[in-house]
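[1] Following is a predicted model, sequence given first.
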2 protein chains.
Amino acid sequence: MDTLTAINKFREHVELYVPMNDAEWQILSPLLEVSHLKKKKNFAEPGKVCTQIGLIVKGSVRYFNVKDGEEITGYFSFENELLSSYKSFLTGAPGLNYIQALEDTQIVALNYKAMQQAYAHELIGHKMERFGRLVAEHYLICYEDRVTSFLTQTPEERYNKLLETGGEVLQRIPQHYIANFLGITPVSLSRIRRRIMKISA
Amino acid sequence: MDTLTAINKFREHVELYVPMNDAEWQILSPLLEVSHLKKKKNFAEPGKVCTQIGLIVKGSVRYFNVKDGEEITGYFSFENELLSSYKSFLTGAPGLNYIQALEDTQIVALNYKAMQQAYAHELIGHKMERFGRLVAEHYLICYEDRVTSFLTQTPEERYNKLLETGGEVLQRIPQHYIANFLGITPVSLSRIRRRIMKISA
DNA sequence: CATTTTTCTTATCTTTTGTTAACGTTTTGA
DNA sequence: TCAAAACGTTAACAAAAGATAAGAAAAATG
């Protein structure tokens, strides 16, 4: 995808949250950086500060932690979704997880400094703060739902819910990553799948 | 606590995130509502829209869901912490959980309309948006950590970590609530505690 | 296109958790 | 103050999940 098209995707994404006129866009757009991430390359790594928040305009990524030498996948992001190692980006502390491209991926990003510039800008600052707030609120709600699912649902219930709602993830992602995402082992997910098969058959 | 002292606590809380001068405070403070919640009374209930976000100036609350007639406690909030059924407050959709006073509790709150007024205000809007953003980011990080703990740690590890860091919760909260918070049953937590006792003894 | 590598399932065994119930203790509230 | 409710622990059993290993199928890679 060419750079202009990519950058315009960022504008579309912002406009999901706040309206943005051309004058405002002229201020924001020069702050953006377009980058490419080859499959298996990392957007973020443990021990390093994540300096960017980005929009995936093409491709997909996987979030994972490494514990006792094992990868534990926690999340995925696809086209038209934001990505960042949020805690690291927001606090400036080193991150704890990898964000790795599942396929060749194109990203339009703001670095931390540019983001702060945008927030502080006399013309677009108020609007950008609102954008930042609405984005944070959106992900807050996602996380709230996820925590609730861990507290109130069994792994099997979580998987069934994912079957209903999780379109893209289920098609494009290996099962053992999904198992991690659900908080269980791949072997356990395989057993759950067999239980469900038997019931519905 | 008298109303003025309570309201000033709200100002102190805002100033943890953004500076606020007297003129700005004169605009914000009239939007606040002070309320009291007797022990066991609900701040939020499933099926009802949570219309307020509040600061606990005295007391504490418990968040819980009811599944199959059983209460599952997901979180606690204490003095000088914000409370809301965020998803409901932010989206206007009916909430899914109870927020209930653990003791007689005093709350300084903004209702949704007042919050939107503050965000849109020509003088304090930018600052309030930033406050809202920083608060959402703060809780986003809390939730991110919590999800990670479910994915990468065993219940026993989660409990050990809570023992290290969870000061107030451990002193003031019954164990079966803590078990729920950790995603396990009270019986299971009791067994974990015995295992830990044996090792450290 | 051949060969690694990855992915998924299955089996076995162990460990942990859930469930239910009982018991003594503490707290609550009428 | 006294009865009822709530709380924490323990036991016994069932159900589920983790660990490990093996094997077949599918996909990736040179």
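    It's in.
[2] how would you label A:Gln171: helix, strand or coil?
    helix (DSSP: H, G, I helix; E, B strand; the rest coil).
[3] The helix ranked longest in chain A and chain B, are they touching?
    Looking across chain A with DSSP state H, the single longest helix is helix A:125-152. Yes - Helix A:125-152 reaches chain B (CB under 8 Å from any CB of the partner chain) through A:125-126, A:129-130, A:132-133, A:136-137, A:139-141, A:143-148, A:150-152. Every residue, glycine included, has its C-beta placed from N, CA and C.
[4] now do stretch A:93-107
    Yes - using CB under 8 Å from any CB, stretch A:93-107 reaches chain B at A:96-97.
[5] Point out the residues in chain A that sit beside chain B.
    Chain A comes close to chain B at residues A:65, A:67, A:72, A:74, A:86-87, A:90-91, A:96-97, A:119, A:125-126, A:129-130, A:132-133, A:136-137, A:139-141, A:143-148, A:150-152, A:180-181, A:183, as judged by CB under 8 Å from any CB.
[6] Please pick the buried ones from those.
    In the residues of chain A next to chain B, burial by neighbour count holds for A:65, A:72, A:74, A:86-87, A:90, A:96-97, A:119, A:125-126, A:129-130, A:132-133, A:136-137, A:139-141, A:143-144, A:146-148, A:150-152, A:180-181, A:183, counting by 16 or more other CB atoms under 10 Å in any protein chain shown.
[7] Let me know the average pLDDT across the longest helix of chain A.
    Helix A:125-152 shows a mean pLDDT of 97.
[8] Following the chain past it, name the next helix or strand.
    Note on helix A:125-152: by DSSP states H and E, the next helix or strand toward the C-terminus is helix A:155-165.
[9] The closest residue to A:Ile184 other than its chain neighbours and A:Arg191: what is the separation?
    Leaving aside its chain neighbours, A:Ile184 sits nearest to A:Pro155 (4.7 Å; criterion: CB to CB, 6 or more residues apart in numbering or on different chains). Relative to A:Arg191, A:Pro155 is positioned 10 Å away (CB to CB, to the nearest Å).
[10] is DNA strand C contacted by the worst-scoring helix or strand of chain A on mean pLDDT?
    Lowest on mean pLDDT, DSSP states H and E among the helices and strands of chain A sits helix A:167-172, with a mean of 82. No - between helix A:167-172 and DNA strand C, judged by CB under 7 Å from any atom of the strand, nothing touches; the nearest distance is 9.8 Å.
[11] what angle do the helix or strand harbouring A:Ser190 and helix A:155-165 make?
    Element membership for A:Ser190 (DSSP H and E) is helix A:186-200. Counting by axes from the mean of the first three to the mean of the last three CA atoms, to 10 degrees, helix A:186-200 lies at 70 degrees to helix A:155-165.
[12] What is the longest helix of chain A packed up against?
    Applying 3 or more CB pairs under 8 Å, 6 or more residues apart in numbering or on different chains; DSSP states H and E, we find helix A:125-152 packed against helix A:112-120, helix A:155-165, strand B:61-67, strand B:70-77, helix B:86-91, helix B:125-152.
[13] Check whether the shortest one comes into contact with chain A.
    So the one you mean is helix B:86-91. Yes - using CB under 8 Å from any CB, helix B:86-91 reaches chain A at B:86-87, B:90-91.
[14] among those residues, which are within reach of DNA strand C?
    Counting by CB under 7 Å from any atom of the strand, no member of the residues of helix B:86-91 next to chain A is near DNA strand C.
[15] a markdown table please, covering those residues and showing pLDDT.
    Formatted as a markdown table, the residues of helix B:86-91 next to chain A follow (pLDDT from 0 to 100):
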| residue | pLDDT |
| --- | --- |
| B:Tyr86 | 96 |
| B:Lys87 | 96 |
| B:Leu90 | 96 |
| B:Thr91 | 96 |
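[16] Reformat those into CSV and put distance to B:Gln26 next to each item.
    As requested, the residues of helix B:86-91 next to chain A are exported to CSV (distance: CB to CB, whole Å):
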residue, distance to B:Gln26
B:Tyr86, 28
B:Lys87, 32
B:Leu90, 27
B:Thr91, 31
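[17] ok, how many other residues are close to A:Arg193?
    The number of residues packed near A:Arg193 is 15, by other CB atoms under 10 Å in any protein chain shown.
[18] Any regions of chain A where pLDDT drops low?
    A:199-201 (pLDDT under 70).
[19] For DNA strand D, what's its nearest residue on it.
    Closest to DNA strand D within chain A is A:Ser188: 3.1 Å, counting by CB to the nearest atom of the strand.
[20] so how far is B:Glu15 from that residue?
    For A:Ser188, the distance to B:Glu15 - CB to CB - is 48 Å.
[21] So stretch A:149-159, near DNA strand D or not?
    Yes - contact between stretch A:149-159 and DNA strand D, assessed by CB under 7 Å from any atom of the strand, occurs at A:154-156.
[22] Wait, A:Leu140 touches B:Tyr86, no?
    Yes - using CB atoms under 8 Å, A:Leu140 is in contact with B:Tyr86, at 6.2 Å.
[23] which residues do these two both contact?
    Among the neighbours of A:Leu140, those also in contact with B:Tyr86 (CB atoms under 8 Å, 6 or more residues apart in numbering or on different chains) are B:Tyr139.
[24] State whether A:Asn8 is indeed within a strand.
    No - A:Asn8: not assigned to a strand; according to three-state DSSP it is helix.
[25] near DNA strand C, which residues of chain A show up?
    Going by CB under 7 Å from any atom of the strand, the residues of chain A near DNA strand C are A:174-177, A:186-187, A:189-191, A:193-194.
[26] ok, and for stretch A:88-105, which residues are buried?
    A:88-90, A:95-102, A:105.
[27] end-to-end on it?
    End-to-end distance for stretch A:88-105, by CA to CA, to the nearest Å: 21 Å.
[28] any bit of it sitting next to DNA strand D?
    No - using CB under 7 Å from any atom of the strand, stretch A:88-105 stays clear of DNA strand D, coming no nearer than 8.7 Å.
[29] Which strands or helices does the least confident helix or strand of chain A pack on?
    helix A:155-165, helix A:175-182.
[30] just those helices: most buried one?
    Comparing these by mean neighbour count (mean count of other CB atoms under 10 Å in any protein chain shown), helix A:175-182 ranks first with a mean of 20.
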